[in-house]
Structure formats: C-alpha cells, structure tokens
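Enquirer: My questions are about this predicted structure, shown below with the sequence.
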Amino acid sequence: MSLRHFLTTQDYSRAEIDALLEQAAAFKRSPRGQQLAGKSVALLFFNPSMRTRTSFELGAFHLGGHAIVLSPGKDAWPIEFRPNVVMDGEAEEHIAEVARVLSRYVDLIAVRAFPKFQDWSVDREDAVIKAFAQYATVPVINMETITHPCQELAHALALKERFGDLTGRKYVLTWTYHPKPLNTAVANSALLIATKMGMDVTLLCPTPDYVLDERYMAFGEQNAKENGGSLKVSHNIEEAYSGADVVYAKSWGALPFFGRWENEKPIRDAHKHFIVDEAKMALTNNGVFSHCLPLRRNIKATDAVMDSPACIAVDEAENRLHVQKAVMASLIAQR
Ligand code: CP
C-alpha cells in the first residue's frame with residue numbers, strides 16, 4: 001500500500017473528508033485518547049505560527065504522543081529543497097537527508113513552508129512540501145504551503161456546527177485589503193473546502209487580476225460539480241453579500257503582478273472599502289463571518305464584526321486542535 005500523506009484535501013474524497021470531520025467532532029466531545037501512544041511528530045516551521053504550533057503540539061500530547069518543534073534556519077540547520085543544486089548558499093543540508101533522517105526518528109512529519117510575498121511563485125510554494133513527501137518514509141502533513149488543508153477542516157467543522165448540512169448554503173470568499181500582497185494559500189483553501197462541501201460559492205474580489213490561480217479555480221469548479229454546489233466570480237460587493245450565509249475574508253496578492261508588487265499597490269490601496277463591516281454583514285441572511293486568523297482589525301474586518309456573535313473565527317481556531325488530532329490519528333492508523 002502506498003504511503004498516504006495529508007498534503008491537500010484534493011487528495012481526499014468527500015466521504016474521507018466527512019469521516020475526518022466526524023472524528024474531529026468526536027475528539028471535541030472527548031479530547032483525550034491513546035491514538036498516538038508511543039508515537040512522535042516533527043513539526044517543521046519555515047514560517048511563524050501561533051495557532052498551528054500550539055494546536056499540533058497539544059493535539060499530539062492529548063493523544064499520548066510527543067511533538068518536536070524545529071525551525072529550519074533558526075534552531076535547526078537551514079535547508080535546501082531544490083533538486084540537483086550545488087549547495088554553496090546558506091543552506092547546510094538538503095531536504096533529502098532531513099526527511100530521511102527524521103523518518104528514522106519520528107512517525108509523522110508536519111511542515112509549514114509558505115514563502116514571503118516577495119519570493120512568491122506558484123511553483124515554489126509547493127516545492128518544499130512535495131520534496132518532504134518525496135523523500136520521507138513516514139506520512140507528511142501540510143501545515144500551510146500553497147494551501148492550508150488543516151484550516152480547511154477547522155473551517156468546515158465550524159460551519160457544520162452552525163448550519164449542519166452545508167449543501168446549497170451561500171458562501172462568499174471575499175478579498176480584503178492588507179498593506180502587503182499576501183500569498184493565496186488560505187484563499188485557495190477556502191475555495192477548495194467550500195466547493196467540496198457543496199456550497200454556492202462567490203469569489204468576491206476587486207478586479208479580474210485578483211481571481212485565484214487557474215488550477216484552484218478548476219478544482220473549485222470540479223468540486224462544485226461533484227458535490228451539488230456552484231462557483232462564480234463577482235466584483236460587486238452588494239450583490240455578493242446579499243443573502244449570504246457565510247462570509248470568509250482573506251487578503252491575497254494579484255497573480256498578474258507577481259514580481260512587480262509595486263504595480264499592484266495602487267489597485268490594492270484603492271479597495272480598502274472591501275473591509276468586512278456591519279453594513280455589509282447586514283446584507284447577509286443573518287450570516288456568519290470567519291477568518292483563519294491572524295487578522296488585522298479595522299483593516300480586514302471592523303471591531304464591531306469581530307466582536308459580534310456572527311464571528312466564528314475563534315471557534316474555527318479552536319477546531320484546529322480537533323481536526324488535526326483526526327488527521328494525525330488517521331495517518332498513524334494506516335501504518
Ligand atoms: N491560522 C493559522 O494557521 O494561524 P497561525 O499562523 O498562528 O498558525
């Protein structure tokens with residue numbers, strides 16, 4: 001049997017996603033277990049984290065396992081990930097050895113590796129985690145790269161807790177202003193999971209330049225077709241928010257401006273009115289608002305929205321703990 005990783009929810013059927021969500025809900029009701037007894041997980045962070053680190057570390061502990069946190073380039077050697085490269089730069093070792101050695105020590109390897117926006121490119125974002133999956137002999141978990149699949153599960157669980165069956169719910173994924181052109185990971189993920197759950201999804205963004213990468217739009221179309229939902233793009237705030245059950249906000253950079261971020265700045269700066277505020281939420285069908293966090297208050301969403309009962313961002317963050325236990329337990333159970 002080939003080794004199963006958790007790199008993207010696109011590798012998992014709707015039935016498998018539903019099973020993970022059911023197991024996560026069970027962990028939420030009964031947080032302790034022995035599913036990881038005697039097992040260990042290496043958590044590699046190429047980027048900062050608060051929620052992901054805390055929830056994975058505690059999740060392993062709650063299930064009888066042990067987590068080791070490593071930050072390549074800080075408390076571990078800087079790592080090279082490109083194949084066939086002459087290693088005369090900063091990196092001391094290649095992912096090939098890191099993944100193979102860690103596989104001799106631990107039972108799971110989890111990796112966060114999203115580039116700074118200055119370095120962003122479609123191919124590079126995937127390269128690090130793909131290299132880990134290539135060389136590791138234990139399952140690899142994506143803790144955010146070009147997508148953020150653990151966030152997807154936490155988001156879906158929070159929505160199911162509020163609505164039950166999500167099929168046909170009206171879902172708005174809205175771009176929001178941020179002073180920097182951030183990467184598209186969570187936006188890609190919101191698109192994947194919302195369509196996978198059969199919702200009617202509107203991608204709301206300022207101009208066509210902000211439509212997500214064509215691969216993710218295609219995955220969204222495919223998911224919607226398979227699960228009874230739909231996907232459309234809108235640049236009209238009022239139309240998109242009207243009657244929505246769910247508003248999910250994220251900032252991301254416009255793909256056509258890759259490498260020319262300063263050219264994007266005037267467009268980005270002209271759309272600060274995409275902020276999620278009470279007036280926009282009043283257009284919804286008594287809808288909920290969420291965000292992956294961290295969130296810059298009064299830039300992406302107002303205090304009034306963040307502090308309202310409609311905001312389920314903290315529920316979603318809590319669910320990271322439960323869904324990641326389900327992912328770790330299921331990957332360990334396959335071995
Ligand atoms: N949402 C999320 O992944 O949070 P952190 O960056 O704090 O881990």
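Expert: In hand now; what should we look at? It should be emphasised that the depicted structure is a prediction, and the values quoted were computed from it without experimental measurement.

Enquirer: going forward, measure contacts between C-alpha atoms and count neighbours the same way
Expert: Noted.

Enquirer: and Asn263, what element?
Expert: helix 261-269 (DSSP states H and E).

Enquirer: Buried residues of that helix, list them for me.
Expert: Along helix 261-269, these residues count as buried under the neighbour rule (16 or more other Cα atoms under 10 Å): Trp261, Glu264, Lys265, Arg268.

Enquirer: Tell me the helix or strand right after the helix or strand of the chain with the lowest mean pLDDT.
Expert: Least confident helix or strand of the chain, by mean pLDDT, DSSP states H and E, is helix 122-135 with a mean of 81. Using DSSP H and E, the helix or strand that follows helix 122-135 towards the C-terminus is strand 140-142.

Enquirer: Whichever helix or strand comes after that next one - contacts with which helices or strands?
Expert: Going down the chain from strand 140-142, the next helix or strand is helix 149-163, by DSSP H and E. Helices and strands touching helix 149-163, by 3 or more Cα pairs under 8 Å, 6 or more residues apart in numbering; DSSP states H and E, are helix 14-29, helix 185-196, helix 313-333.

Enquirer: what comes into contact with helix 149-163?
Expert: By Cα atoms under 8 Å, 6 or more residues apart in numbering, the residues outside helix 149-163 that reach it are 6-9, 17, 21, 25, 142-144, 166, 186, 189-190, 193-194, 197, 292, 312, 315-320, 322-324.

Enquirer: cool, and stretch 52-60?
Expert: 36, 40-41, 43, 66-69, 143, 320-322, 324-325, 328.

Enquirer: What mean pLDDT does stretch 64-79 get?
Expert: For stretch 64-79, the mean pLDDT works out to 94.

Enquirer: Taking helix 185-196 as reference, get the angle to the least confident helix or strand of the chain.
Expert: Relative orientation of helix 122-135 and helix 185-196, computed by axes from the mean of the first three to the mean of the last three Cα atoms, to 10 degrees: 80 degrees.

Enquirer: Could you list the residues of this structure in contact with the ligand?
Expert: Neighbours of the ligand within the chain, by Cα under 6 Å from any ligand atom: Ser49, Met50, Arg51, Thr52, Cys292, Leu293.

Enquirer: How about the secondary structure of the fifth one?
Expert: Translated: Cys292. Three-state assignment for Cys292 (DSSP: H, G, I helix; E, B strand; the rest coil): coil.

Enquirer: Most neighbours among the contacts of stretch 52-60, please name it.
Expert: Most neighbours among the contacts of stretch 52-60, by other Cα atoms under 10 Å: Lys325, with 30 neighbours.

Enquirer: chain center to the helix or strand encompassing Ala240: distance?
Expert: Assessed by DSSP H and E, Ala240 sits inside helix 237-241. Relative to the centre of its chain, helix 237-241 is centred 24 Å away, using Cα atoms, centre = their mean, to the nearest Å.

Enquirer: Quick one: list the elements packing against it.
Expert: strand 200-204, helix 278-281.

Enquirer: And the buried ones among the residues of the chain next to the ligand, selectable in ChimeraX?
Expert: In ChimeraX syntax, the buried subset of these is picked out as below (16+ other Cα under 10 Å):
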select :51,52,292
